[in-house]
Structures are given as C-alpha cells and as structure tokens.
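*Asks:* requesting a structural model of the entry that follows:
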Amino acid sequence: MLKMRQFQTTTALLLMLGMGAGTLSPLVTPAPVVAQTQTQFTDVSSNYWASQFIMSLAERDIIAGFPDGTFRPDEPVTRAQYAAMVRKAFNLTNIRSSTNFVDVPANYWATAAIDNAYRMGFLSGYPNNVFQPNQNIPRAQVLVSLANGLNYEATTVASADVYRDSRSIPSYATASIAAATEQRLVVNYPDIEVLRPNQTATRADVAAFIYQALASRNQVATVQSPYIVQTRTTTTTSQSSVAAGTTISVDHADGDKIVILPDETLPLTFQVAEAVTNRQGQILIPRNSQIIGELRPASSGSQRGSQFMAQTLVLDDGRRLDIQAQSRIITTTETIRRGASVGEIFAGAVLGSGASTAVASVTGDDEPQTWEVLTGTVAGAIGGLILGRERVEVISINPDNDLMLTVSQTLALSE
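*Replies:* Residues are numbered from 1 along each chain as shown. You can find the predicted model right below:
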C-alpha cells in the first residue's frame, strides 16, 4: 500500500496517549455498572481463550463483571473504562501533576481514575485539553499506553514487523508496539500473527494486555497461552542471506502514480513495505528499509516499457548493501492529448522531468505545482516523442501493483 503523507493526524495522535491514536468523534457508551466481586462468569468458560487472564485479574479486583453474572468479554472498552482498569492494576510514581480536562467534570464517575492514569503517564489528552472519555480505545492505543506507562523501550523497531498486518500499525505506535512485543505484552486471538492494531479493544483484549504487563513486572504468575506473542530474533547475522527468487514489496511515499517517458531513466528510492523473513521467523530485511535504484527503459516483445532495477539496500541500522533485484516490465501507457486537464490526470503523481516537459509541451500547462517532478534523463530528443505535437505517450506506473521486486542474486547480509 502507498504511504500518504500524514501531518495533522499524527500531531493529534502524538498528543493523545503520550503517543496515542484514534478518531476524534466520541462513541458514547452507557454508564458502567456497579463492580461485582464474582470471579466466575457465566460467559467465560474454562476453555475460553482469555479465561486465565480474566479470572486472575478478577481475583485481584482489577476488573469486574456485571450484575447478571456475565463478563461480556467481547464488549468494547472506552478510554474512561481503560483508565479505571489501569488505576487498579498499577501503583507507580507520578511523573506529572494533575490536569483538568474540559470534558471530564468533577462529578464524572471516572474522574479520579483518569487523573491517576494521566499522572502515572499511561494516558494523555487530545489537543485543546480534551480527553474523550467515552471514545472506544483501539488495541494499538492500549499497547502504546502500557509500553509508555511502564517505560519500556524496544531494542529494535523491527520487533513490530513480526505481524502479518504490521503495515497497519500507525507510524506513531511502531516503536511502542515493538517494545510491547519484546516484553510479551501482546496477546493475539485467534491468529497470533495478526495484531489488528486499529480494531477496538474488547474487555478480553484489555484483560490479556494488562495481565501480561503485570507479568512483565513479576507481579503475577506467568500463564501459558498459545496466543502470547513471543519475541523473535530480529537482527541480521553474518550468516544471514536473502535467497534469489525472494520477493520484496515496496512503498513509494511521494505519490500514488509514477509517470515517465518510454525512453526515460528515473532514479527512485522505495521503502520496504513488509519485512522479509526466513523460515525461522528471523527478520532479514526490516520494514521501512530503503531500496535505491532506477526505472530504466525496457521492452516486452514489441512493447516499450519501464523496469525498476534495484542497486542499493539500506538497512535500518544504516548498513548499505549492493542488491540485484528488479520489478516486472511495466508497459501500461497513457496518451495525453492537447487540451487534457493534466491537473486532474496527474493529481498525486510523480513525473520524471522528461515526461513533465513533454506533457507541458502538448497541453501548454506550465504549472508544475499540480504534480511533483523528479529529475530523469531521456535517451534522444524529447520532441521526437511528441506525436504531431498533439499528443504524447507516457508510461504509467502504479507502485502498489507494478513494483514487487524479485531478488535475482543471493544477497549476503554480512556485517
């Protein structure tokens, strides 16, 4: 998937959780029921995936059920409800003084819990001193909150790449989720390799996360569960290598389309979209590593096209390695005719300088601010590619679909 630039959203999220996330529209939930002291619940059987976490926390009065004897493990958790659980689970030194959130009145049922979670560093507010107590809390927020509140730091952000949906992790949360993963805070049901970071956390999810957080501090006994994510080796070794034939998916952060002339060469840098791992789960090429290379003229039969040829791999530790990998030959073309509205056609696109010049010559559009122009080189005169000065044919590349790279020679990841 393409990574679009995010500015205002990330700023707001970083202010929330001390690095939190979520939407700004409140999701109102009913007032909480009076806590019950039962430790057995009619809807949590002994073989339920989260039963050990739920029962243990209920015995410690950290979580509670409902008057009808149920726990309702699949119900969503709000920010206020999560604060109440945090307050009961942890008794840490305050790292800051209290604040008064404009949407948390003094007589609100969770005011004290919110204040306590805020002072310990587990939760923060939104801009304009808003807390959004009734907003449902996503799984990523809970993990970020616990990692930040317990002051956990990751040895490598690549630890967040063990999940098949790691690309869905918000950028602000990557380091904290990597830390939570290393500390074994993450519990994924039903698929241990799928994090679902943006899905609303359920009562069972939060119980499991909080229990694991307590276990990481040796405050509760370790439980055996097939859904606890185990830390894997995430650093490359001198014996590691990437075999020929391995595919690498990449992102292009600067545009959702790349447009060049058929004879144009264009230098580009892509980011690795999904970590490349070996059969043992060791991460060989971390997500967000850079691949530097260039689009070059190529042909497929009688069709002219373009092909990306990778030259340099830049790992997350700064090492630069020569790499031989390439995309398929892309032959998708667009014909731009005189009078075309190129501002609409190329909105969000990146154009090689040759394509930009040719398009402007045909359309008379001299406003390059409608697209981003990258410097490329064209073999031969651009004028020869403009057909009767009425139209120009360009190669149109969709990075999502066209730029899966295949390693053509074994890559040694030596130190």
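*Asks:* wait, Asn286 sits on Gly318?
*Replies:* No, residue 286 isn't Asn; it's Pro. No. Assessed by Cβ atoms under 8 Å, Pro286 is found out of contact with Gly318, at 11.9 Å. Bear in mind the C-beta positions are built from the backbone N, C-alpha and C, glycine included.
*Asks:* of the two, which one has the most company?
*Replies:* A direct count of neighbours by other Cβ atoms under 10 Å for Pro286 and Gly318 places Pro286 higher, at 22 against 6.
*Asks:* once you drop chain neighbours, what's closest to that one?
*Replies:* Leaving out its chain neighbours, the residue that sits closest to Pro286 by Cβ to Cβ, 6 or more residues apart in numbering is Ala158, at 3.9 Å.
*Asks:* where do the helices sit along the protein?
*Replies:* 8-15, 51-59, 79-89, 111-120, 139-149, 174-182, 203-216, 342-345, 353-363, 399-402 (DSSP state H).
*Asks:* out of those helices, flag the one nearest Arg167.
*Replies:* Closest to Arg167 of the helices of the chain, according to Cβ to Cβ: helix 174-182, at 10.5 Å.
*Asks:* distance from the chain centre to that closest one, please.
*Replies:* 12 Å (Cα atoms, centre = their mean, to the nearest Å).
*Asks:* quick one: it to helix 203-216, angle?
*Replies:* Compare the direction of helix 174-182 with that of helix 203-216 by axes from the mean of the first three to the mean of the last three Cα atoms, to 10 degrees and you get 70 degrees.
*Asks:* with only the CA atoms kept, save helix 174-182 in PDB.
*Replies:* What follows is helix 174-182, C-alpha atoms only, in PDB (Å, rounded to 0.1, in the frame of the first residue of the first chain):
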ATOM      1  CA  THR A 174       5.600   1.400  15.900                       C
ATOM      2  CA  ALA A 175       8.300   1.800  18.500                       C
ATOM      3  CA  SER A 176       6.000   1.300  21.400                       C
ATOM      4  CA  ILE A 177       4.400  -1.800  19.900                       C
ATOM      5  CA  ALA A 178       7.900  -3.100  19.200                       C
ATOM      6  CA  ALA A 179       8.600  -2.600  22.900                       C
ATOM      7  CA  ALA A 180       5.300  -4.200  24.000                       C
ATOM      8  CA  THR A 181       6.100  -7.200  21.700                       C
ATOM      9  CA  GLU A 182       9.600  -7.700  23.200                       C
END
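*Asks:* neighbouring contacts of that helix?
*Replies:* 19, 140, 143-144, 146-148, 152-160, 162, 169, 186, 195, 197, 229, 231 (Cβ atoms under 8 Å, 6 or more residues apart in numbering).
*Asks:* weed out the non-buried ones from those residues.
*Replies:* The neighbour count (16 or more other Cβ atoms under 10 Å) marks 19, 140, 143-144, 146-148, 152, 154, 156-160, 162, 169, 186, 195, 197, 229 as buried among these.
*Asks:* is it true that Gln303 touches Thr332?
*Replies:* No. Distance between Gln303 and Thr332: 9.9 Å, which falls outside the contact criterion (Cβ under 8 Å).
*Asks:* in the stretch 151-300 of the chain, which spans are strands?
*Replies:* Under the criterion DSSP state E, counting those that start in this stretch, the stretch 151-300 of the chain contains strands at 241-242, 247-248, 250-251, 257-260, 264-272, 276-277, 283-285, 290-300.
*Asks:* sheet partners, orientation included, of the fourth one?
*Replies:* Sheet partners assigned to strand 257-260 using DSSP bridges are listed as strand 349-352 (parallel), strand 391-397 (antiparallel).
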